[in-house]
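Q: Whatever this is, show me its structure:
(4 chains, ligands or ions: 8)
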Number of protein chains: 4
Amino acid sequence: MSLLIKGGTVVAPTGPITADVLVDGETIVAIFAPGQAPEGPEVIDATGKYVIPGAVDAHTHMELPFGGTHASDTFDTGTRAAAIGGTTTIIDFAVQRYGEVVQDGLAAWHGKAEGNCHIDYAFHQILGGVDDESLKAMDYLVNNEGITSFKLFMAYPGVFYSDDGQILRAMQKARDNGAMIMMHAENGPAIDVLVKQALERGETDPIHHGLTRPQELEAEATSRAIWLASVAADCPLYIVHLSASKALEQVAEARNRGKNVFAETCPQYLYLTLEDQLGAPGFEGAKWVCSTPLRSKHETHRADLWQGLRTNDLSVVSTDHCPFCFKDQKELGLGDFSKIPNGIGSVEHRVDLLYQGVVDGKLSLGRWVETIATTPARMFGLYPKKGIIAPGSDADIVLYDPNGRTRISVETHHMNMDHSAWEGWEIDGRVDTVLSRGEVIASGGEYTGRAGRGRYLKRGLSDYLI
Amino acid sequence: MSLLIKGGTVVAPTGPITADVLVDGETIVAIFAPGQAPEGPEVIDATGKYVIPGAVDAHTHMELPFGGTHASDTFDTGTRAAAIGGTTTIIDFAVQRYGEVVQDGLAAWHGKAEGNCHIDYAFHQILGGVDDESLKAMDYLVNNEGITSFKLFMAYPGVFYSDDGQILRAMQKARDNGAMIMMHAENGPAIDVLVKQALERGETDPIHHGLTRPQELEAEATSRAIWLASVAADCPLYIVHLSASKALEQVAEARNRGKNVFAETCPQYLYLTLEDQLGAPGFEGAKWVCSTPLRSKHETHRADLWQGLRTNDLSVVSTDHCPFCFKDQKELGLGDFSKIPNGIGSVEHRVDLLYQGVVDGKLSLGRWVETIATTPARMFGLYPKKGIIAPGSDADIVLYDPNGRTRISVETHHMNMDHSAWEGWEIDGRVDTVLSRGEVIASGGEYTGRAGRGRYLKRGLSDYLI
Amino acid sequence: MSLLIKGGTVVAPTGPITADVLVDGETIVAIFAPGQAPEGPEVIDATGKYVIPGAVDAHTHMELPFGGTHASDTFDTGTRAAAIGGTTTIIDFAVQRYGEVVQDGLAAWHGKAEGNCHIDYAFHQILGGVDDESLKAMDYLVNNEGITSFKLFMAYPGVFYSDDGQILRAMQKARDNGAMIMMHAENGPAIDVLVKQALERGETDPIHHGLTRPQELEAEATSRAIWLASVAADCPLYIVHLSASKALEQVAEARNRGKNVFAETCPQYLYLTLEDQLGAPGFEGAKWVCSTPLRSKHETHRADLWQGLRTNDLSVVSTDHCPFCFKDQKELGLGDFSKIPNGIGSVEHRVDLLYQGVVDGKLSLGRWVETIATTPARMFGLYPKKGIIAPGSDADIVLYDPNGRTRISVETHHMNMDHSAWEGWEIDGRVDTVLSRGEVIASGGEYTGRAGRGRYLKRGLSDYLI
Amino acid sequence: MSLLIKGGTVVAPTGPITADVLVDGETIVAIFAPGQAPEGPEVIDATGKYVIPGAVDAHTHMELPFGGTHASDTFDTGTRAAAIGGTTTIIDFAVQRYGEVVQDGLAAWHGKAEGNCHIDYAFHQILGGVDDESLKAMDYLVNNEGITSFKLFMAYPGVFYSDDGQILRAMQKARDNGAMIMMHAENGPAIDVLVKQALERGETDPIHHGLTRPQELEAEATSRAIWLASVAADCPLYIVHLSASKALEQVAEARNRGKNVFAETCPQYLYLTLEDQLGAPGFEGAKWVCSTPLRSKHETHRADLWQGLRTNDLSVVSTDHCPFCFKDQKELGLGDFSKIPNGIGSVEHRVDLLYQGVVDGKLSLGRWVETIATTPARMFGLYPKKGIIAPGSDADIVLYDPNGRTRISVETHHMNMDHSAWEGWEIDGRVDTVLSRGEVIASGGEYTGRAGRGRYLKRGLSDYLI
Ligand SMILES: [Zn+2]
Ligand SMILES: [Zn+2]
Ligand SMILES: [Zn+2]
Ligand SMILES: [Zn+2]
Ligand SMILES: [Zn+2]
Ligand SMILES: [Zn+2]
Ligand SMILES: [Zn+2]
Ligand SMILES: [Zn+2]
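A: Ligands and ions are numbered 1, 2, ... in the order given. You can find the predicted model right below:
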């Protein structure tokens, strides 16, 4: 069946044009200059709307086990919320725990996701232990499973932590097989010292989660990962959830030297702060405990991150969606901030929150689309199937209404959380209509998709050349 | 009349896709997924070819008066050569000389171009003297003439030179009216001292043109222009013909701080050197006398410039096409390098020379298109009319054959020069077919365009947001 | 006659030691470990005092003609005030005006100084016009007159301004004859535009003197001077009165690359600000009109300058002493800030003001002595005659009492000014006793020196190797 | 008994003066201007000689156990060789091994040294394991044992390695008690991966010792140590045996920001290279196996290090004297470079090798003395007792003959080694006479000192303020 999206402003990374988009079945089959499209097909009137590629969230954690509990969104609830917010692809993280076989971890994640997703999904693989076996598994996943990116941790000793020798080995392997190394860059052993000292001093409130993770320890780990990548024959490297000015400096400096070093940031780091959110009175701040942590408003982090998005020193905005309810989950850390499950849920709000940056003059329209859709798709081997409005691409399309308005609240959101990290925020824009592979799954506030319609995406290699 | 370019690989800055391009009259009316285009129209088989936007050369000097002679290409010969080489738009420089009325200079250039161009053309305006009158003229040209960029010179005292106060005033004006300031960034007063001293020492050969323009004096002027732009409320700035590593560092550093500072380089700086070309025996080197000069092969300029193109610290590749014949023109400087007319002619070869960078692994396909077509169009207010394959855009299209081969020689080139700066160079690729506003003007080596078909383009403001 | 300074703490740049200093006639003849000095000579008890070399002020302007008036201190009044404040050598600036013969300018300055100085004095030579004649004069002064440093101006077009070609020529000459180039680094042509625009807008108050000289134009000129010096075969370069963070960055960056680039700052930049002093209500701010100007307290200038003194990116603290009375002199600029004579008088207070930095933990004792005495002496060819407590050196010695206290006021100062730029400032320390060539000229608040006892010092070349 | 060193050129960091030095007993009691010293005492004629403070070698390893053998110099043979070469103080490293009590390690080192040294000596303490006990021991050693500096290792996992948490804790402790943290900055875990891989590929020759320790892994660890120090409230940090350009950049950058970060280099890094020495044919290169390793001559390390000494980004030159004989010791690594004991012996040659830098125009005389004597003494709490020619200082004095000549050879050296790392090197200068605490122990090639005359020096805190 044929569908014409007519009269809208189609936004590509290089800028907007006025054009009509013809969808047939699951695919975009043509793009027309105004007035050039054939008569006949069903029409969606996009007049006054931006027509953008469905957004790609390259960093989510549905149902992630963490600290004795699980992220509260299932693949069902989480992908539904994503879809409603204009995100039509997620890349979640399959987890290998230390001692596990990598493929078993992956299989478990397929088990969680299969039949439950509302939108298409893919996986990165977390390596919880780099050894001869898991190095072999890297090749296998790249060649057979469509998994071409592997996440390592410089934090969480005893849980996910890889030492520098392990990191180097994984990077060498990635260099050989074309995969991307993703890095959680915080110096875990040093942080653990600071956490222990803080607790010994009786500093147990949520804000101490941030104070014991100073930006220097994010910058250090970021810098170290870059050095190790250079030793691994310039293995490409992707820093996840970059939050701090000094960490950004490390990435920018490497990119300046032509290195294939990339970074993402997340909406929380662009808007929220250590003092105003994490430092909220009493235990309230627990809602904003995530790692890397929110940074101080007295420093220049937020302005620097917005600038990094403009200069492309930050390539991608993901959510690191990892929701926990306040009750029973965040509350596990009452009296001990180190026991608060780490994570914020934003998978539903990224498209809106970044559009606010356009309204505020911080990003161009093209750059908005690029950071939330095109680049994540290119970075992780989904382009041009995803991330662009182009003939032949999947018809994952969002009509975005610049004259709409979005108010975020736990009352209205669709994520499985008992609170919102963004309670009361208002955005000058609104997701109007969402198509996933040609199907209208959300329109005018009504959701018409369903669990199970989303498909697993085998990914290709990153189109990472700087 | 309708024309389908079928089966090719359409290259956008974000990467290639397989698609068919439908042209109607002068315009691209649709782009189709393979097999989706309507039957009927005339077809050009693009199988195995790259389908790219006609290239935009943002820096040419047809018929420029210089040192008692004129650049040897007229708008007729020069735009014809450009077209054959895959360039379908040039932006030439109208000249205001010191003491002249700006509008008179512009009128003179319209006089030279009108009725003579084979492809579409636009103008930047050179300001040879910044004063109250010319500042007013800047507003007039922006508002009425479609001229939105103004070039100033930090070199050539007594000819085009503006002092720093004048530069500051022009930048303030540009900041107000949205124009772009283009800068020839070399410290002229210091260079003139070195030139005089060299001549006094009897150093008269062409290589001394380069030796008396050390990269430090390009870097200094580049840095100074950036400082002045910051004083002018961060007026956007575009450095022309950047040739040297240290100058590139200045631009990169400013861009890192989020400044709207841009630079172009030219093919000669990517491939040719002080020693091998400018230092050719006898007077031969005169062929490669241009300013900024070719740089030493013993330094890292060429590698740094290629890297700058990758990292986007260099945004554009133009030619600074300014051809002079060896006989009678370059020979004016026999016995005194400072009298050699400055300029190299490459308007015909830029698309090929940069494609060689793709073959050599220095640029991605997308970046090739971006630096020679998309970004110059966006930078100078011609997008999306020019610089992109998109519905509604002008049907300026090049079919590029990666399996072809191009040999450059004075025997075969179409520029009005009695020599080639690139004599004997061979490229692993070839311009196959060129369309300008829907008309096939070159195909399979045969040229079918004609003088006068090119139109003057009034430009909009730069889409310069970093 | 023999004099023993006994029991004090002798401070050298590398740190303090307890030692006795034996003076015979005009010279230090020995330094003894405690208890080792011979009996007999007259003794000054220095117990509890710092024994430091008489300070060297490398930047003063006695009787300087400026804007239709003269600096209010003569060599008599100015050197007397200096002596009382612990400074036993000044290097003043002889002036060649444009069109004058350099030697005539120098002779005029000898005329002003001779027979009038209370302490030893030397001259730098200002070149108001670089041409063949003045370049020859540079050699003559270095070889015959003991003048080994030449000051150029990038500001004040039409008065002292040298263009970049002239600067380059003077630097080449200095490179050959071993002289030091001193630079007033502000972009005069750009500043003049801003000044004219401000006055046209009716912005006439003193604070606009600062606002029309933004730090970017100091940083730019500093950077440019460094580039030009590198073109002049790495001619050594000394930036005078550096006031701004961004200018300091330029110097630091050059020094990092091993360049012989040096800078001084002045007490006013370490303590005073655009808002609090230059922006004083009404015309009061005129007292603090100097160039480079005081900088904003909302930026990090002062902290950065103190840090620069610690890291040796700033080598010297001079005063740029150039006093004008408020009445009749500063008042020349009522209604037009650009007519206010530029200058602040601090020659009497530098030793105290910098000692406050020691008390505040910003400088070590050794670094205090180094920046106010040893380095200026080494930098300008007076070492080891001046600038160090060493056998064979001139007995220019200051006993400084860390338990004393100094209150600065027009009521008590000795400079010929009707106000003080430091009115009411209190210092935790006090100049106790001052010897100039073995003669006690100030002690316990009583002054016993006399005009005419100071001698002209022919200087050697700079000991400038980084 | 009284001794006058007469007619020499006394060199201080700020430059040379002509002066006579009077020694009484073990101490310098006075310094006189020429002709001012009393008659009577025994005279050493220093005419034509430099009179410099006895050099201080802040990094030696006498009798160090390593890889199943011991460094071949005892405190007897090593300090004798040092003395002959103009070094009158060493600071050796007492070792705590993992599991040992710190004080026991220290006691063992006292046992080795006591009664055996020819010159004065002090200790740093190596911490092989940071835990609650050793942190307490740090306080004890600072307060009671005159040990104010502690060395940690980022390399040698399982031997001396501290993880980042341990390093942070030791730095916090040092910040509190005023001690200096010294760091062996190489990323051991990553190096161990490279070593294992090289050996698996059959790359067993000595040069692979260098190739498996790329400069990036030194730079990374240097950078990380700096970050960790900043987290530890800007604990002062001293990087030992810095060998590589990129590591130097890290130090320079930190110092630029005003951090108390210091580094030493060693003569081997200033002169010797990966290719020419470590890559000598067959197993010969084993002589130059040390960590950090010699660096490539095709990179700019040596020039950068010399420049770092000039700019004070490198503060100290030590030897890291750790000699092993070729036979039986170096040979332990035949067929496996990783088993070659790490170390080069140069304690006898540092004064000469650095003086060659003066002759070559790379260092000033003052800087020579500062880097080999004054700064190490100030850095490690021995100043002004050591490191300076000043009244009250120990009479550790070297007369250095600039007209002498030194040829280095195993035939003539005094270290207990069967080869020389410097075989055949010739120096344009010569140690003429050496005094240790007033006693002439070497003169004109004859050695008259004796084991046991050297005393243990309790050190004060570092005079580390940048
Ligand atoms: Zn993470
Ligand atoms: Zn995550
Ligand atoms: Zn130009
Ligand atoms: Zn040009
Ligand atoms: Zn000045
Ligand atoms: Zn001055
Ligand atoms: Zn070591
Ligand atoms: Zn060692």
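Q: use CA for all of it now, contacts and neighbours both
A: Noted.
Q: And the closest residue to chain B within the stretch 51-200 of chain A, what's its pLDDT?
A: Using C-alpha to the nearest C-alpha, the closest approach of the stretch 51-200 of chain A to chain B is made by A:Pro53 at 13.5 Å. Among the per-residue scores, A:Pro53 shows a pLDDT of 98.
Q: check contacts around it.
A: Applying C-alpha atoms under 8 Å, 6 or more residues apart in numbering or on different chains, we find A:Pro53 in contact with A:Val369, A:Ala373, A:Thr374, A:Lys386, A:Gly387, A:Ile388, A:Ile389, A:Asp396, A:Ile397, A:Val398.
Q: Show me these that map onto strands.
A: Counting by DSSP state E, the contacts of A:Pro53 place A:Ile397, A:Val398 in strands.
Q: Among the contacts of A:Pro53, which ones lie close to chain B?
A: Near chain B, judged by C-alpha under 8 Å from any C-alpha of the partner chain, there are no entries from the contacts of A:Pro53.
Q: Sticking with the residue in the stretch 301-450 of chain A that chain C sits nearest to, tell me its helix or strand.
A: The nearest approach of the stretch 301-450 of chain A to chain C comes at A:Ala303, 17.0 Å away (C-alpha to the nearest C-alpha). In the assignment (DSSP states H and E), A:Ala303 maps to helix A:301-311.
Q: Quick check: A:Leu135 touching A:Arg175?
A: No. Here A:Leu135 lies out of contact with A:Arg175, judged by C-alpha atoms under 8 Å, at a distance of 11.9 Å.
Q: A:Ala442 in helix, strand or coil?
A: Using DSSP: H, G, I helix; E, B strand; the rest coil, the structure places A:Ala442 in strand.
Q: From chain B, how far off is it?
A: Noted for A:Ala442: a distance of 25 Å to chain B, by C-alpha to the nearest C-alpha, to the nearest Å.
Q: List the contacts of that residue.
A: A:Ala442 neighbours (C-alpha under 8 Å, 6+ apart): A:Ala83, A:Ile84, A:Asp432, A:Thr433, A:Val434, A:Leu435, A:Thr448, A:Gly449.
Q: tell me which element the residue of the stretch 101-250 of chain A found nearest chain C is part of?
A: For the stretch 101-250 of chain A, the residue closest to chain C is A:Glu249, as judged by C-alpha to the nearest C-alpha, at 17.3 Å. In this structure, A:Glu249 sits in helix A:245-256 according to DSSP H and E.
Q: A:Gly452: neighbouring residues, count only.
A: Other residues within reach of A:Gly452, judged by other C-alpha atoms under 10 Å in any protein chain shown, total 16.
Q: And for A:Leu3?
A: For A:Leu3, using other C-alpha under 10 Å, the count is 19.
Q: where does it land in three-state SS?
A: Per three-state DSSP, A:Leu3 ends up strand.
Q: what's the distance between it and chain D?
A: From A:Leu3 over to chain D the distance is 55 Å, taken as C-alpha to the nearest C-alpha.
Q: Which strand residues bridge that residue?
A: Using DSSP bridges, the beta-bridge partners of A:Leu3 come out as A:Val23, A:Glu42.
Q: give the contact list for it.
A: Applying C-alpha under 8 Å, 6+ apart to A:Leu3 gives the contacts A:Leu22, A:Val23, A:Asp24, A:Pro41, A:Glu42, A:Val43, A:Ile44.
Q: Check what pLDDT it gets.
A: A:Leu3 is assigned a predicted lDDT (pLDDT) of 97.
Q: now swap in A:Ile466 and tell me
A: A:Ile466 carries a pLDDT value of 50.
Q: again with A:Gly202
A: At A:Gly202, pLDDT is 98.
Q: Helix, strand, or coil at it?
A: Recorded secondary structure, A:Gly202: coil (three-state DSSP).
Q: swap in A:Pro323?
A: Secondary structure, three-state DSSP: A:Pro323 is coil.
Q: What sits closest to it if chain neighbours are left out?
A: Once flanking residues are discounted, A:Pro323 sits nearest to A:Gly345: 4.3 Å by C-alpha to C-alpha, 6 or more residues apart in numbering or on different chains.
Q: Count the residues that sit near the one you found.
A: Residues near A:Gly345, counting by other C-alpha under 10 Å, number 30.
Q: Torsion angles phi and psi at it?
A: phi -110, psi 120 (degrees, to the nearest 10).
Q: In the stretch 1-150 of chain A, what residue lies closest to chain D?
A: For the stretch 1-150 of chain A, C-alpha to the nearest C-alpha, closest residue to chain D: A:Asp131, 11.7 Å.
Q: thought that residue was touching A:Gln166?
A: Yes. Judged on C-alpha under 8 Å, A:Asp131 makes contact with A:Gln166 at a distance of 7.3 Å.
Q: Neighbour count: those two, which is higher?
A: Neighbours were counted for A:Asp131 and for A:Gln166 using other C-alpha under 10 Å; A:Gln166 has more, 19 against 14.
Q: State the mean pLDDT of the helix or strand hosting that one.
A: Using DSSP H and E, A:Gln166 sits within helix A:164-177. In this model, helix A:164-177 carries a mean pLDDT of 98.
Q: Can you name the residue of the stretch 101-250 of chain A nearest chain B?
A: A:Glu249 (9.3 Å).
Q: could you give the angle of the biggest helix by length in chain A to helix A:301-311?
A: Determined from DSSP state H, the single longest helix within chain A is helix A:215-231. Counting by axes from the mean of the first three to the mean of the last three C-alpha atoms, to 10 degrees, helix A:215-231 lies at 30 degrees to helix A:301-311.
Q: I'd like to check which residues are in contact with the residue of the stretch 1-150 of chain A at minimum distance from chain C.
A: Ranked by C-alpha to the nearest C-alpha, the top residue of the stretch 1-150 of chain A for proximity to chain C is A:Thr14, at 32.8 Å. Contact partners of A:Thr14, counting by C-alpha under 8 Å, 6+ apart, are A:Gly366, A:Arg367, B:Pro13.
Q: Report the secondary structure element holding the second one.
A: Just to be clear, that refers to A:Arg367. A:Arg367 belongs to helix A:365-369 when elements are defined using DSSP H and E.
Q: Can you name the residues in contact with that helix?
A: The contact list for helix A:365-369, computed with C-alpha under 8 Å, 6+ apart, reads A:11-16, A:52-53, A:55, A:310, A:354-355, A:358.
Q: and which of those residues is nearest to C:Gly210?
A: Nearest to C:Gly210 out of those is A:Arg310 (C-alpha to C-alpha; 32.4 Å).
Q: burial of that closest one, as a residue count?
A: Neighbour count of A:Arg310, defined by other C-alpha under 10 Å: 22.
Q: Select from the contacts of helix A:365-369 every entry located in strands.
A: Counting by DSSP E, the part of the contacts of helix A:365-369 found in strands is A:Val11, A:Ala12, A:Gly15, A:Pro16, A:Ile52, A:Pro53, A:Ala55.
Q: list the contacts for the closest residue to chain B within the stretch 151-300 of chain A?
A: Taking C-alpha to the nearest C-alpha, chain B has its nearest neighbour within the stretch 151-300 of chain A at A:Gly258, 6.1 Å off. Applying C-alpha under 8 Å, 6+ apart to A:Gly258 gives the contacts A:Ile466, B:Gln307, B:Gly308, B:Arg310, B:Thr311.
Q: about what we covered before: what are the pairing partners of whatever helix or strand comes next after the helix holding A:Glu249, and which direction each?
A: Downstream of helix A:245-256, the next assigned helix or strand under DSSP H and E is strand A:261-265. Applying DSSP bridges, strand A:261-265 is found paired with strand A:237-239 (parallel), strand A:316-317 (parallel).
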